[in-house]
Each structure stands twice: as C-alpha cells, then as structure tokens.
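Participant: sequence first, then the predicted structure:
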Amino acid sequence: MKKIKAKPVVVSVGIEQGLSYDVLIERNLFSSLSDLLSEYAPSHRYAIISDNNVGELYGLTIRDQLRRDGFNVDLFIFQQGEENKTRETWCDLTDQMLVESFGRDSCVLALGGGVAGDLGGFVAATYMRGIPVVQIPTSLVAMIDASIGGKTGVDVSAGKNLVGCFHPPNLVVVDPEVVCTLPVDECKQGLIEAVKHGIIMDRTYFEDLSVAIPALLARDVDKIQDAVLRSIELKAIVVSEDEHERGKREILNFGHTFGHAIEAAQDYSLSHGTAVGHGMLLETLLGIELGLTNPETFDPIKKCLGCLGISFQGSLAIDPDKIMNYLRLDKKSKSGERRFVFISEIGSVLRREGDWSHTVDEKTLTHFLKSL
Ligand SMILES: NC(=O)c1ccc[n+]([C@@H]2O[C@H](COP(=O)([O-])OP(=O)(O)OC[C@H]3O[C@@H](n4cnc5c(N)ncnc54)[C@H](O)[C@@H]3O)[C@@H](O)[C@H]2O)c1
Ligand SMILES: [Zn+2]
C-alpha cells in the first residue's frame, strides 16, 4: 500500500451487509489522488466526468497529474447546469466512453458539484452493468450532501431525480480548498443544507454555524473544513442507519416538502437550497401551529437563514395556491400523502409512533398557508 501525503480525516459511511466506504477530508488532498486511487479504486482506466467549469478549473490538472503518475485517464466534459442533468447527457457520456473503448475494468471519477456527482454516479452505475465510482465533490452542496449516500440519477420532464439508482462510491475525496473558487451564491446553497443538519441533529453545530456564516462566506478554509466535516459526520450517521430511505433518512427531508413545492411554484427560478430555506421556515411555523415544535425555535432559525439570504417576507410572498397545487400532484409522495418532518427543538426531530415524518391533511395545510 502506498503512503498518502496528506493525513486526511476519515468518516466511514455504512452500506448494506456491514460494508462501508470512506470519506476523506483534508486540504490539498487532490495532490494525493494517485495514491488514493491505487489504494481505494485500482482500475485499468479512469474516466473523469466533470462539467465545463470544474473541468477547466480542476479536471485538466487532475488528468495531467494522474497521467504523469502513469494512470490511463481521460476527461469527459458536459455543459454545466441542472438543465443538463438529463438522460441525453448520460447518453453522450456513455457513448463517448464506449467509443473510447472503456471496459468493465474502468472507474469513473465524478468531479464537480452535485450535478457531476449524480450524473457521473449514474454513468458508473449503468456502464456495462456497473463500474466503480469515486466521488470528488467540489461544491459545498456536493461535499456535504450529494456525494454522501449513494444516490445517483438524472432529471426527466416529469420531475427532478426521477430516474436513477443507488450506487455507493468506492471513496469520496473532499478537498475543502476548492471552495475558494465556488461562487458565493453556490456557497450559500450548501450552507443552507448545513444549517438543516444542525437544526435536525445538533444544536451546538447550528449555533456554531450561526456565528460562523460571515467567515464561511468569506471562504475561511479552516472553518469550511470544520463545517464540511461536521455535516458529513451527521449525514453519514443517518445514511449508515438507513441506506435506502425507509426510515431515519427521512429526517433529511426537513424543509423539503414545502421546499420542493416552492421550487415548482416558482417554476424552478429559485435554487433548491433557497427553496428549502423558505421550506424550513414554513415547516417550523407549521410545527408550531400544530403544537409539535417549540415556538422559541423560530427566531434563531429565521435569523440564521436570514444571513444566507432567506427572508421570511420572501417566504410569505409565495403563492399558497401554487404550493397546494404542487403538493396535490407530488409524484414522489407516498400514495398522495403530504408528509412533513417536524422538529421539537433545534437539534431534535419529533418522532411519533416510530415515524420520523407525519401526515398533515389538506384542510389543515390550506388553512395554515392562507393564514400566513
Ligand atoms: N445525490 C444526492 O443525494 C443529492 C443530494 C443533494 C443534491 N443533489 C443534486 O445536486 C445538484 C446540485 O448540486 P450543486 O449545487 O453542486 O450544483 P452544480 O453541480 O450545478 O454546481 C453548481 C455550480 O458551481 C460550479 N462549481 C462547482 N464546484 C465549483 C468550484 N469548486 N469552483 C467553481 N465553480 C464550481 C458548477 O460548475 C456549477 O456551475 C442537484 O442536481 C441535486 O439534485 C443530489
Ligand atoms: Zn436538499
């Protein structure tokens, strides 16, 4: 086994049958990629899958460095953006790999934000019935969320992420240094999900984040590394307990029932994190209204999300009829039910009769939304 230059922090994520994969977190970890791939994902060939932004910023350097170290590696680039997380892009990428004669003994390196992670993961899951993938997340959303948990897939005209599968990576390599080139609005998107981790699982983390947001947005890399590590640890706990979202993993959907409805109600003009930020405010209020959530939780959550650009006035301005229309049609809802995750306190999700999420009937929801 080769020696790894940097000494990364290792978080283990459990998958079925007692197996697990490692998430390594350390500054400058990309410089150790050759050693890491030899150790965790030895393969005949490597296909780096990246969008044009990240491909240019990091993909070319990584490809050249791996080639210098004797790896057989190619870089496949798609156009950045959620609108390209499609079956068509999946087709292009798999066709290009076939033309280049990538075999079963190849490995995908999914380098980039959540779009590259989901697409690269889905290519790996399906190419020749499945080849390994190493996730190399470069956005905060991808570091703390998309790269952990093994979900891969593409968007289709009927909705986001509706075609895909679980394909856990061999390894996740997180180099927090790369957040320095991430646009500030993209940083906010990731931090909103980090705040969610604090709200549902760890009050101290929530309080620390509330204080650290200005430093995080100024890309203080030590603070970013700290937040990324704590979020990954929290997500790893949940995902390890419930790989396929049948139980506790549901708590990660806090803010997402309204969040997804708000994204749709605004014709996807709002980013996912922003919509989830509004969703967390509304779901906290709904929990308070139903007597399930401590009313004192609202102000700190509002203040913290306010620092990330989520204004409560903005939440109130969203058309309640459009939200209800989406909730009625939600394709992912189980048998048409509208289920919500509620917190009892900051740091604790309410669990009733073994369930982590709870049904709210249409009449109650309509009344709540109209009363805002
Ligand atoms: N699989 C999962 O469990 C899971 C979880 C959460 C989100 N997701 C998916 O993730 C996607 C959102 O991820 P995202 O917000 O990272 O979007 P993204 O991949 O589109 O990245 C956002 C933008 O930032 C750029 N970028 C990324 N890293 C950069 C860097 N270091 N420097 C400069 N620019 C950089 C990208 O090129 C892109 O333009 C969605 O498709 C969502 O469905 C998946
Ligand atoms: Zn989300």
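Facilitator: That came through, no problem. Ligands and ions are numbered 1, 2, ... in the order given.
Participant: surely Gln65 is in a strand?
Facilitator: No: going by DSSP: H, G, I helix; E, B strand; the rest coil, the assignment for Gln65 is helix, not a strand.
Participant: measure it to Ser34 for me?
Facilitator: Per Cβ to Cβ, to the nearest Å, Gln65 is found 7 Å from Ser34. Backbone N, C-alpha and C define where each C-beta goes, glycine included.
Participant: which of the two has more neighbours?
Facilitator: For Gln65 and Ser34, the more surrounded residue by other Cβ atoms under 10 Å is Ser34, and the numbers stand at 19 against 15.
Participant: which secondary structure state does Lys160 sit in?
Facilitator: What three-state DSSP gives for Lys160 is strand.
Participant: residue contacts, it?
Facilitator: By Cβ atoms under 8 Å, 6 or more residues apart in numbering, the contact list for Lys160 reads Glu82.
Participant: show the pLDDT at it.
Facilitator: As predicted, Lys160 sits at a pLDDT of 88.
Participant: what of Glu337?
Facilitator: Reading off the confidence values, Glu337 has pLDDT 69.
Participant: ok, now the one 10 residues further on?
Facilitator: Here, the pLDDT recorded for Gly347 equals 98.
Participant: wait, Tyr58 sits on Phe30?
Facilitator: Yes: using Cβ atoms under 8 Å, Tyr58 makes contact with Phe30 at a distance of 7.0 Å.
Participant: anything in contact with each of those two?
Facilitator: Common neighbours of Tyr58 and Phe30, counting by Cβ under 8 Å, 6+ apart, are Val178.
Participant: can you pull out the helices in the stretch 101-250 of the chain?
Facilitator: Secondary structure of the stretch 101-250 of the chain (DSSP state H, counting those that start in this stretch): helices located at 114-126, 140-141, 184-201, 203-217, 221-241.
Participant: and the fourth one, what does it pack against?
Facilitator: Under the contact definition 3 or more Cβ pairs under 8 Å, 6 or more residues apart in numbering; DSSP states H and E, helix 203-217 sits against helix 184-201, helix 221-241, helix 298-306.
Participant: how is the protein partitioned into domains?
Facilitator: 9-181, 184-371 (automatic domain parsing).
Participant: of all those domains, which one is nearest ligand 1?
Facilitator: Among those, domain 9-181 comes nearest to ligand 1, with 1.9 Å by Cβ to the nearest ligand atom.
Participant: the closest one: how far from the chain's middle?
Facilitator: Between the centre of domain 9-181 and the centre of its chain there are 14 Å (Cα atoms, centre = their mean, to the nearest Å).
Participant: so it, near ligand 1 or not?
Facilitator: Yes: Domain 9-181 is in contact with ligand 1 by Cβ under 6 Å from any ligand atom, via 51, 53-54, 57, 80-82, 85, 112-116, 118, 138-139, 141-142, 145-146, 149, 151, 160-161, 178, 181.
Participant: return the subset of these lying in strands.
Facilitator: Those of these mapping onto strands are 51, 112, 151, 160-161, per DSSP state E.
Participant: just for this protein, where's the confidence low?
Facilitator: Within the chain, the ranges that satisfy pLDDT under 70 run 1-6, 243, 245-246, 331-337.
Participant: neighbours around Leu217, how many?
Facilitator: Neighbour count for Leu217, taken as other Cβ under 10 Å: 17.
Participant: was I right about it contacting Cys187?
Facilitator: Yes: between Leu217 and Cys187 there is a contact at 5.9 Å, judged by Cβ under 8 Å.
Participant: how about CSV for the helices and strands packed on helix 203-217, with distance to ligand 1 and mean neighbour count added?
Facilitator: Below are those laid out as CSV (distance: least, Cβ to the nearest ligand atom, whole Å; neighbours: other Cβ atoms under 10 Å):
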stretch, distance to ligand 1, mean neighbour count
helix 184-201, 5, 24
helix 221-241, 9, 20
helix 298-306, 17, 18
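Participant: to what extent is the closest residue to Val173 other than its chain neighbours buried, counted in neighbours?
Facilitator: Of all residues not flanking Val173 in the chain, Ile136 sits nearest, at 4.9 Å (Cβ to Cβ, 6 or more residues apart in numbering). Applying other Cβ under 10 Å, we find 33 residues neighbouring Ile136.
Participant: now do the contacts for Ala116.
Facilitator: Ala116 sits next to 49-51, 54, 78, 110, 138, 142 when contact means Cβ under 8 Å, 6+ apart.
Participant: try it again with 10 Å
Facilitator: 48-51, 53-55, 59, 77-78, 80, 85, 109-110, 135-139, 142, 146-147 (Cβ atoms under 10 Å, 6 or more residues apart in numbering).
Participant: just the buried residues from those residues, in ChimeraX please.
Facilitator: To isolate the buried ones among the contacts of Ala116 in ChimeraX, judged by 16 or more other Cβ atoms under 10 Å, type:
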select :48,49,50,51,53,54,55,59,77,78,80,85,109,110,135,136,137,138,139,142,146,147
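Participant: count the residues that sit near His44.
Facilitator: 12.
Participant: before we move on, back to that, spit out the residues that contact Gln65 and Ser34 alike.
Facilitator: Phe71.
Participant: if we can go back for a sec, name the nearest of the ones in strands among the residues of domain 9-181 next to ligand 1 relative to Glu283.
Facilitator: Relative to Glu283, the closest of those is Lys160; by Cβ to Cβ it sits at 19.4 Å.
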